[in-house]
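S.K.: need a structure here:
(chains A and B)
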Amino acid sequence: MSLEAQTIHRETFVINLGPQHPATHGVLRIKLTMDGEYIYDAEPVIGYGHRMHEKMGENRTYAKYLPNTARMDYVAAMFNTHGYVCAVERLAGITVPERAEYIRVITAELNRLASHLLWAGAFLIDLGGFTPLLYTFDDREQILDLLESVTGARLTFCYYRFGGVCNDVDDEFVAGTRQFISRLRSRMPMYHALVTKNIIFRKRCEGIGPITAADCRRYGATGPVLRGAGVAYDVRKAEPYSIYPKLDFNVPVYPESDCMARYLVRMDEIVESMRIIEQALDQMPAGPVMAEKVPKFLKPPKGECYFNVESARGSFGVRAISDGTDKAYRLKLRSPCFSNLSLFQECSRGMLLADALALLGSLDLVIPDIDR
Amino acid sequence: MTILDIQTRFQAIHGAAVTETAHSKHGVHLDVTVTPDRIPDSARLMEEAQYTLEAITGVDWLTEKQIEILYDYTSYASGTRIAVRTRVPRDNPEVATICTLHPGANWHERETHDFFGVKFAGHPELTPLLLPEDADFHPLRKDYGT
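M.R.: Take a look at the predicted model:
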C-alpha cells in the first residue's frame, strides 16, 4: 500500500465487482471495500452457479453421473471425468486396457492445451489487449474440432467410461493431431513475440500480484498458481497415474511468484503437453479400448478411496465412498479453483484495483468449478 | 518430518488410531482417526510438518447417528497424503475450527457447515458460502428431502 494510503485518514467505500462482470469470467461477485484506487478488502461471494453436484452423485447410479462431471470445469472437462472414472475404477478394481490409457492421456492433454489457450486469450482481454484472443481461439478451435471427431462434443465431453473410453480414435484423428501439434509449435514464437515480449503486457504483469509459496501452502493452491510460486508440485509426478510415468516431460517452475510467472508456467506447459501428446501417439499400442466384463450397473464393494488428477487448474480430487449399492454413498469433489480463489482476499489487500484484476485473471478461475 | 515421524507423533495423541494404507488402493498413505477434541492438535502437527490442507468434508452416517468430518492433507514436497477423520454426534455436530492454523480451512469449514450443519466452534463467519444466504437446510444430510 502506498505511504499516502497508509497515513491519510481512511475513508472507504464499497463497490461490487460482478456478479455479472466481464473480468470475473462467470457469475462471481467480489465485494470490494476501496480506499481510493487501493483495495482495502476484497471478499469473494460465490455460489451463484451452485448446483449441488455432490448430492447428484449420491442419488443416481455411477454411470448416470458421468455427464455431470463435464459440467463443473467446462473449459477442461476431460480432467473432471478422468478423476471420477479413476476413483470409481480404483474402488471397483477395474483395470483399463493400455490403449485406452494412451487415448485418455492424449485427449486430456489436448484439453489442457485448449484450456491454456483460452486462458491466455481471456487473460489478455482482462489486461486490455484484444487481438491475441483471436489467435488463441483460432488454435483452440482446431483442438475442439479434433476432440469433437472422437467424443461427439466440443466442451462437455463425456468420453471416458469405467474401464476405458467409449470410442476408439481413428487414423484421421492421429494424423490431424500430429498436424495440429506442428502448427501450434510453429506459432509459439509468434505468441512470444506478440505477447511475452510486449512491454505493456510486461509492465502489467512483472512484479504484480505476488502469491508466495507459503500463501499457496496455507490456502491449498495448486496447479500453475503454485508452480508460478516456484514449487515443482504436479500430481502427474507426485502421485503418478495412468501412463504418465512412461512419458518424458518437465514440470515448468518460475520462482518470481507474480502474474508473469503464472503466465510463463502456462506457456511452458503448452510446450510440455505437446511433447506428451507426441510421445503418446508414437507409443500407443493397438488393442481394445474398453475393459471386458464391466457390468452396466456397477456395484463397487464397500469401501472408500481418493483419486487426484492434475487438471489444467491444479489438483482435482474425487473421494468416493461406496456402501455396496449401485449409487455412491458419498462423493466429494475437490475443486482446484475453490482453493485458488480462497487466497484472493488476503493476497489482493492493498493492491491497485487494476492490478488486482490482473491477479484475478492470472488465477485462471472457472466459476462453475468453484460452485459445483 | 518424514511419514514415520508423523505416524509416531499421531500415535502420541490420546485416543488416535493410525493406519497405514496402500496408496494404490485408497489414494492416501496414512489414515488417522482422532477424537473431536484432538482436531486442533492434529492440525497443529500437520502445520508443523508443512502439510497443506486440501479439503474438509463430511459424511453422514445415518444409521450410526454420527457425522464424520474428514480432513485431507497433502505434502507438496513429498506427495504424501494423510486423511484425518473424526466423528461427532448427528444431533449436535460440533468441532473446533482450525482456520487460525490453516487459513484455507475457512471456506472448507463454511462449505461443510452448509452441507452438513456441522458447527465449527470459533469460526469467524459461519454463514452460507455456496447455499443462498438465508439457507437453513443441509442438503447432504441423508434425511434431507425425505
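
S.K.: mind listing the helices for chain B?
M.R.: B:3-12, B:23-26, B:39-48, B:105-116 (DSSP state H).

S.K.: Does the third one reach chain A?
M.R.: No: residues of helix B:39-48 contacting chain A under Cβ under 8 Å from any Cβ of the partner chain: none, with a closest distance of 8.8 Å. For the C-beta atoms, the positions are set from N, CA and C on the backbone; glycine is no exception.

S.K.: mind listing what's buried in that helix?
M.R.: For helix B:39-48, the neighbour count (16 or more other Cβ atoms under 10 Å in any protein chain shown) marks B:39, B:41, B:42, B:43, B:45, B:46, B:47 as buried.

S.K.: Stretch A:99-109 near chain B at all?
M.R.: No: using Cβ under 8 Å from any Cβ, stretch A:99-109 stays clear of chain B, with a minimum separation of 15.3 Å.

S.K.: next one: that stretch to chain centre, how far?
M.R.: 17 Å (Cα atoms, centre = their mean, to the nearest Å).

S.K.: Tabulate the CA atom coordinates of it in CSV.
M.R.: Output in CSV follows, covering the C-alpha atoms of stretch A:99-109 (Å, rounded to 0.1, in the frame of the first residue of the first chain):
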residue,chain,number,x,y,z
ARG,A,99,-4.6,-48.3,-25.5
ALA,A,100,-7.4,-46.6,-23.6
GLU,A,101,-4.9,-45.1,-21.1
TYR,A,102,-3.0,-43.6,-24.0
ILE,A,103,-6.1,-42.2,-25.6
ARG,A,104,-7.1,-40.8,-22.2
VAL,A,105,-3.8,-39.0,-21.9
ILE,A,106,-3.8,-37.7,-25.4
THR,A,107,-7.3,-36.3,-25.2
ALA,A,108,-6.7,-34.9,-21.7
GLU,A,109,-3.5,-33.1,-22.8
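
S.K.: Rounded mean pLDDT for it, please.
M.R.: Averaging pLDDT along stretch A:99-109 gives 93.

S.K.: Show residues contacting it.
M.R.: Applying Cβ atoms under 8 Å, 6 or more residues apart in numbering or on different chains, the contact partners of stretch A:99-109 are A:78-79, A:82, A:96, A:147, A:150-151, A:157, A:159-160, A:163-165, A:168-169, A:177, A:242-244, A:247, A:273, A:276-277, A:280-281, A:283-291.

S.K.: circling back: dump the helices of chain B into JSON lines; add mean pLDDT and distance to residue A:324 as well.
M.R.: Formatted as JSON lines, the helices of chain B follow (pLDDT from 0 to 100; distance: least, Cβ to Cβ, whole Å):
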{"stretch": "helix B:3-12", "mean pLDDT": "83", "distance to residue A:324": "30"}
{"stretch": "helix B:23-26", "mean pLDDT": "83", "distance to residue A:324": "17"}
{"stretch": "helix B:39-48", "mean pLDDT": "91", "distance to residue A:324": "29"}
{"stretch": "helix B:105-116", "mean pLDDT": "93", "distance to residue A:324": "23"}
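
S.K.: now the helix or strand hosting residue A:280, how far from the centre of its chain.
M.R.: The secondary structure element spanning residue A:280 is helix A:259-283 (assigned by DSSP states H and E). Remark: helix A:259-283 is offset 13 Å from the chain centroid, using Cα atoms, centre = their mean.

S.K.: and residue 56, what does it touch?
M.R.: This is for chain A. By Cβ under 8 Å, 6+ apart, the contact list for residue A:56 reads A:65, A:68.

S.K.: could you do chain B instead?
M.R.: Counting by Cβ under 8 Å, 6+ apart, residue B:56 touches B:69, B:70, B:71, B:72, B:105, B:108, B:109, B:111, B:112.

S.K.: Show me what it is bridged to.
M.R.: On the basis of DSSP bridges, residue B:56 is bridged to residue B:71.

S.K.: Give me the pLDDT value at it.
M.R.: 93.

S.K.: Chain A contacts on chain B?
M.R.: So far as Cβ under 8 Å from any Cβ goes, chain B lies against chain A at B:23, B:25-28, B:50, B:52-55, B:57, B:59-60, B:70, B:72, B:74, B:76, B:78-79, B:81, B:83, B:102-104, B:106-107, B:115, B:128-132, B:139-140.

S.K.: Give me the buried subset of those residues.
M.R.: The neighbour-count test (16+ other Cβ under 10 Å) marks B:23, B:26-28, B:52-55, B:57, B:59-60, B:70, B:72, B:74, B:76, B:79, B:81, B:83, B:102-104, B:106-107, B:115, B:128-131, B:139-140 as buried among the residues of chain B next to chain A.

S.K.: Could you report the pLDDT at residue B:2?
M.R.: Residue B:2 is assigned a pLDDT of 83 by the prediction.

S.K.: before we move on, the earlier item: what is the subsequent helix or strand relative to the helix holding residue A:280?
M.R.: Using DSSP H and E, the helix or strand that follows helix A:259-283 in sequence is strand A:303-311.

S.K.: The helix or strand that that next one is followed by and chain B in contact?
M.R.: Next in sequence after strand A:303-311, counting helices and strands by DSSP H and E, comes strand A:314-322. Yes: using Cβ under 8 Å from any Cβ, strand A:314-322 reaches chain B at A:315, A:317, A:319, A:321.

S.K.: so which two of those are the farthest from each other?
M.R.: Farthest apart among the residues of strand A:314-322 next to chain B by Cβ to Cβ are A:315 and A:321. That separation is 19.6 Å.

S.K.: So between those two, which is more surrounded?
M.R.: Taking other Cβ atoms under 10 Å in any protein chain shown, residue A:315 and residue A:321 do not tie; residue A:315 has more neighbours (28 against 20).
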